[in-house]
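Q: mind folding the following:
(3 chains)
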Amino acid sequence: MKFYHYLWLIPLFPLIGAAINGLIVNRRGMGKNLAHTIALIGSGLAWLWGWAAVLQWYLTEDHTKSYVVKAFTWMSGGMMPLFGGGHAPLEISASYQIDPISAVMVSFVTFVGFLIHLYSVGYMHSEDDRAYSRYFSYLNLFMFAMLTLILGANLPVLFVGWEGVGLCSYLLIGFYFEKDWCATAGKKAFIVNRIGDFGFLLAIFFTFEYFGTLDFVKLSEIMSAHHAAAQWGGAATLIGLLLLVGAMGKSAQIPLYVWLPDAMAGPTPVSALIHAATMVTAGVYMVVRTNFFYHLGPQAMLGVAIVGGFTAFYAATIGLVQNDIKKVLAYSTVSQLGYMFLGAGVGAFAAGLFHVVTHAFFKACLFLGSGSVIHACSGNQDMRTMGGLRKYMPKTYWTFLAATLAIAGIPPFAGFVSKDAILGKAFEAGFTDLNGFGTAYFVLWALGLAGAALTAFYMFRLVFMTFHGEFRGTEEEKHHLHESPWTMTLPLQVLAILSIFGGIVIGFPGQLFHKEGWSFIDGFLAPMMVGVHEHGEHAISFGLEWGLVVLSVLVACGGIFVAWSMYKKDPSFSVPKSLAERFPRAYQLLLNKYWVDEIYDVLFVQACIKLADLLWEFDARVVDGVVNGTRHLTVGTSFVSGIFDLRVVDGIVNLVATINYRASGAFRRLQVGFTQGYAMVMVFGAALLLAVFFISF
Amino acid sequence: MDFLVAHFAELLFYFLAGLTVLFALGVVLFKNPVHSALSLLATFVTVAMLFIFSHAEFLGAVQLMVYAGGIMVLFLFVIMLARTEGIQSEAAFLSNMAPAAVVGGVLLGALISAGILLGVLASGHGNPAALEMVDGARLGNTEAVSMLLYTKYLIPFEVVSVILLVAMIGAIVFGRKDRFSEVGKEEVDS
Amino acid sequence: MISATHYLILSLILLSLGLIGVMMRRNFITVLMSLELIFNAVNLNLIAFSYQLGDLSGQILAIFVITVAAAEAAIGLGLIIALTRLRNTVNLDEVHEMEG
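A: Residues are numbered from 1 along each chain as shown, chains lettered A, B, ... in the order given. All right, here's what the predicted structure looks like:
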């Protein structure tokens, strides 16, 4: 049996699980054991089948090509006219494909997804039965959507998954919908994502109108052809930029990142699954998947790089001063996503995807660790009232530390390998003056490097404030501190191991040791990248390469040292406090996230409300006015018509009646109703007749 | 006395005719309907006698039975049912109509009679014995009438019986109390 | 000898009296009685001419007249009952619904 012949089963398993949990278990209010068993089976089967399919495909098929499985024909729209003249059949099938990009994504999404399901069993145990089964139903539904997204063989199927994860994120962020701010956060995520989806949809329409197909394989072929750049450059740039808009929404990049920090309103495993490990990487995945557009449209690619580079730095600065443990992680996620975009934007799509994978490991670990911490602290998320947790929850501490080292970019942890690959490529892009935008790429590289320093600082600030020093909470809370159950720590440990070794194993930085082919992921993904072969060899010298590595490690260590000196050495945090006092404006600016939410509120939300008011006014004044005018006109017309009716028509009728009345007046007198009168008339009449008869006789 | 014997038939006719006219006058002139009815009864009897006098024995019997026996009882019942007690005090006649009525009645009667005289008397005389003949045998008036009625005039006879049936049903329908009480309310309301 | 003319004159008197009664009397019942007088006048004529002509058809016709008179009396008296119920009167001049 070929597992990869039945790719569509991978998303189907969790969908069935979601259906059972949502439609039966939740409705009937069945027990928690049943709910999480079904959910674990659903995601577990997806994981096992996914890995089996990937492995089998890798071993038996040509893994430089896509293997497409068509489940059924979804839409058949007949012949459609295209922009360039001519027609193309709009045939959209529910197809799934497996290729290196999908394989990488499936491998870690199913696996991390399953671990988070397992973790949720422990984390959500205090919810009531209905909420519990609802939660697992959503979680399985999310798995379905995400797997559809990454396995889809054409843009519409990808879009189904895209919208599906959007919906699930809305449902899961607003999971505690009884709380107003949670529901608001859910809505915010949904609406902001919708802005991005708008761009994505336009991109799909344009793609079909330009190329007459939506299948990735066919598009890739069109783009790989000779002279494709000359023929399709403009279209590719347009579509690339529109896709970037979609990716900005889904992957929380400037300016559409605002939903992600608020998305922490959902349960922590959800934050880990959706807003760290998988869903937000959908944007990056999509950019990587459609890399052929960016290859042909260098302006679009630069746009990706600019968005990514600025986001990486910008989100890191906000992360510096946040006190909510999950907020810090949220901004770090935004920042790391910026690195992925930066990678894609400098043409290092493989490096970007590599960072997606390693980020999934360490960010899932970090989020689950923070969930464990919050769980221990009875739901408290403020780091200022934590501290010294290392003693109480050692497993959480060590796994968390491993993941923190990974995100900070310390060799040989996973984050170091992937982030350094991105930064190296960014520098290389500047050095080789890629597409003529060399200076811009240098600036972006510098921003990325600065972001890396900030990342190291705020992550270690988090670690020191949370796990080191003395506990700063109440005695009651201190009494409650405990290590989490195995279902929570096991995923942490697995993810920690992956955070340590995952990067070096799948993406060994061979270029540092003259072993170019040693990076498995680079070689694996290379066939999917249009144009990668063209500037395959390294433009920068071996020494410069090492210099960059040392530089980024030094920067990271510097960040850690500053954090140590400010938050570990001095438990009273006097230095950061004095800094905040000395630069109150800057501190407030960062603490309030540059007031972006407020600015958006004024610029867009209030403007929207104003526009709505304006439209309402238009409706009330003009539309209703027209309607009322019509009414008045009708009333007026009918009044005239009524007059005519009354005077002319009725006049004629009455005239006839009057003539009749007058004429009959004479005869009326005869009709006295007096019986004997009639009899008498009859008698005289008969007599008269007889008399006439006799006379004439 | 001889005169009486010789002109017995004439005298009897004049006597009966005179009584008939008197009773008929009574019918028209009595204020009380009961008196009128009794007077009418007497008229029927004298007319029946005149029928017999004219060789119409069967018809005379029918006149007595149907008119005097049936219709008169009906009239008396209706007078009773119609609760006409005390209406004698009211005017029984439409006095303003009286002259015209007399003139009109007499005029029409005279004209009709004149017409009959002109048309019928000229047709000569027949044998009164024919009124009693059945197939050449002189059996009697009743037999003769029956024979003719059930042979030549069978269909008109049946039609007349249907008319009688319809009249009977009609009288019952008119006389039904509930129907008219209902209609009566509507009439009063309007 | 009593001729048909005698009967005819008697019949004329009865007919005239009947007509006068129909036209003069207020009481509906008496009007009906007057009508019976007219029927009798007709029958008297029929009988007389039947006798004079030696033709039985006249008597047959008289039988039909009696039958029709009986029907007329039944209907008329039924109307009187209805009228009494409806108007509580038997006076014809008080009934003038057909007034134009």
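
Q: give me the residue from chain C nearest chain B.
A: When you check chain C against chain B by Cβ to the nearest Cβ, the closest residue turns out to be residue C:54, at 2.8 Å. Quick note: C-beta positions are derived from backbone N, CA and C, even for glycine.

Q: isn't that residue up against residue B:133?
A: No. Using Cβ atoms under 8 Å as the test, residue C:54 is too far from residue B:133 to be in contact (9.1 Å).

Q: now list whatever residues contact both of these two.
A: In terms of Cβ atoms under 8 Å, 6 or more residues apart in numbering or on different chains, residue C:54 and residue B:133 are not both contacted by any residue.

Q: helices along the stretch 101-250 of chain A, start to end?
A: A:129-151, A:155-173, A:180-211, A:216-224, A:228-250 (DSSP state H, counting those that start in this stretch).

Q: is the longest helix along chain C in proximity to chain A?
A: Longest helix of chain C, by residue count under DSSP state H: helix C:57-87. No. With Cβ under 8 Å from any Cβ of the partner chain as the threshold, helix C:57-87 lies outside contact range of chain A, at a closest distance of 11.2 Å.

Q: any buried residues in that helix, and which?
A: C:58-67, C:69-85 (16 or more other Cβ atoms under 10 Å in any protein chain shown).

Q: can you tell me how far residue A:108 is from residue A:439?
A: Relative to residue A:439, residue A:108 is positioned 36 Å away (Cβ to Cβ, to the nearest Å).

Q: the more surrounded of those two?
A: Neighbour tally, residue A:108 and residue A:439, criterion other Cβ atoms under 10 Å in any protein chain shown: the higher count belongs to residue A:108, 24 against 10.

Q: for the more buried one, give me its contacts.
A: By Cβ under 8 Å, 6+ apart, the residues touching residue A:108 are A:277, A:357, A:360, A:361.

Q: in terms of helix, strand or coil, where does the residue in chain B that chain C sits nearest to fall?
A: With Cβ to the nearest Cβ as the measure, residue B:126 is the residue of chain B nearest to chain C, at 2.8 Å. Of the three states, residue B:126 takes coil under DSSP: H, G, I helix; E, B strand; the rest coil.

Q: quick check: it touching residue C:56?
A: No. In terms of Cβ under 8 Å, residue B:126 does not count as a neighbour of residue C:56; the distance is 10.5 Å.

Q: who's more crowded, the two?
A: Neighbours per residue (other Cβ under 10 Å) separate residue B:126 from residue C:56, with residue C:56 holding more: 24 against 15.

Q: poorly predicted segments of chain C, please.
A: When the per-residue scores of chain C are filtered using pLDDT under 70, the ranges that remain are C:1, C:97-100.

Q: returning to that earlier point: and which of the contacts of residue A:108 is nearest to chain B?
A: Comparing the contacts of residue A:108 against chain B with Cβ to the nearest Cβ picks out residue A:277 as the nearest, at 89.8 Å.

Q: hang on, the closest one packs against residue A:114?
A: No. The pair residue A:277 and residue A:114 does not pass the contact test of Cβ under 8 Å, sitting 11.5 Å apart.

Q: tell me the contacts of the nearest residue to the residue of chain C closest to chain B once chain neighbours are set aside?
A: Among residues not flanking residue C:54 along the chain, residue B:126 sits closest, at 2.8 Å (Cβ to Cβ, 6 or more residues apart in numbering or on different chains). Residue B:126 makes contacts with C:52, C:53, C:54, C:55, as judged by Cβ under 8 Å, 6+ apart.

Q: quick check on those residues: which are buried?
A: The neighbour count (16+ other Cβ under 10 Å) marks C:52, C:53, C:54, C:55 as buried among the contacts of residue B:126.

Q: from residue C:60, how far off is the second one?
A: Right, residue C:53. Using Cβ to Cβ, one obtains 13 Å as the distance from residue C:53 to residue C:60.

Q: and residue 150, what does it touch?
A: No chain in the question, so chain A it is. With the criterion set at Cβ under 8 Å, 6+ apart, residue A:150 makes contact with A:101, A:102, A:105, A:106, A:109, A:161, A:282, A:285.

Q: wrong one, I was asking about chain B
A: Contacts were defined as Cβ under 8 Å, 6+ apart; by that measure residue B:150 touches residue B:157.

Q: you'd agree it is in a helix?
A: Yes. Counting by three-state DSSP, residue B:150 is part of a helix.

Q: got a pLDDT number for it?
A: The model reports residue B:150 with a pLDDT of 88.

Q: same deal with residue A:158?
A: Residue A:158 is assigned a pLDDT of 92 by the prediction.

Q: now it: how far from residue A:205?
A: 14 Å.

Q: looking at the two, which is more packed in?
A: Between residue A:158 and residue A:205, counting by other Cβ under 10 Å, residue A:158 is the more crowded of the two (24 against 14).

Q: my read: the more buried one touches residue A:152, true?
A: Yes. Contact status for residue A:158 versus residue A:152: in contact at 4.0 Å, counting by Cβ under 8 Å.

Q: what about residue 27, how many neighbours?
A: All of this is about chain A. For residue A:27, the neighbour count with other Cβ under 10 Å is 11.

Q: meant chain C actually
A: Each residue near residue C:27 was counted by other Cβ under 10 Å, and the total is 26.

Q: quick one: it from residue C:82, how far?
A: As judged by Cβ to Cβ, residue C:27 and residue C:82 stand 16 Å apart.

Q: same check on residue B:150?
A: When Cβ to Cβ is applied, the distance between residue B:150 and residue C:82 equals 37 Å.

Q: look up phi and psi at residue A:89.
A: Residue A:89 has phi and psi values of phi -70, psi 130 when expressed as degrees, to the nearest 10.

Q: for residue A:71, that is, sorry about that
A: Per degrees, to the nearest 10, the backbone of residue A:71 is at phi -80, psi -50.

Q: what sits against it?
A: Contacts of residue A:71 (Cβ under 8 Å, 6+ apart): A:8, A:93, A:94, A:95, A:96.

Q: one step back: which one of the helices of the stretch 101-250 of chain A is the most hemmed in?
A: Between those, helix A:129-151 has the highest mean count of neighbours, a mean of 26, where neighbours are mean count of other Cβ atoms under 10 Å in any protein chain shown.

Q: which of the contacts of residue A:71 fall within strands?
A: Secondary structure of these is defined by DSSP state E; positions in strands are A:93, A:94, A:95, A:96.

Q: tell me which element the nearest residue to residue A:17 once chain neighbours are set aside falls in.
A: Distance criterion Cβ to Cβ, 6+ apart; nearest residue to residue A:17, sequence neighbours excluded, is residue A:42 at 2.4 Å. When secondary structure is defined by DSSP states H and E, residue A:42 falls within helix A:32-60.
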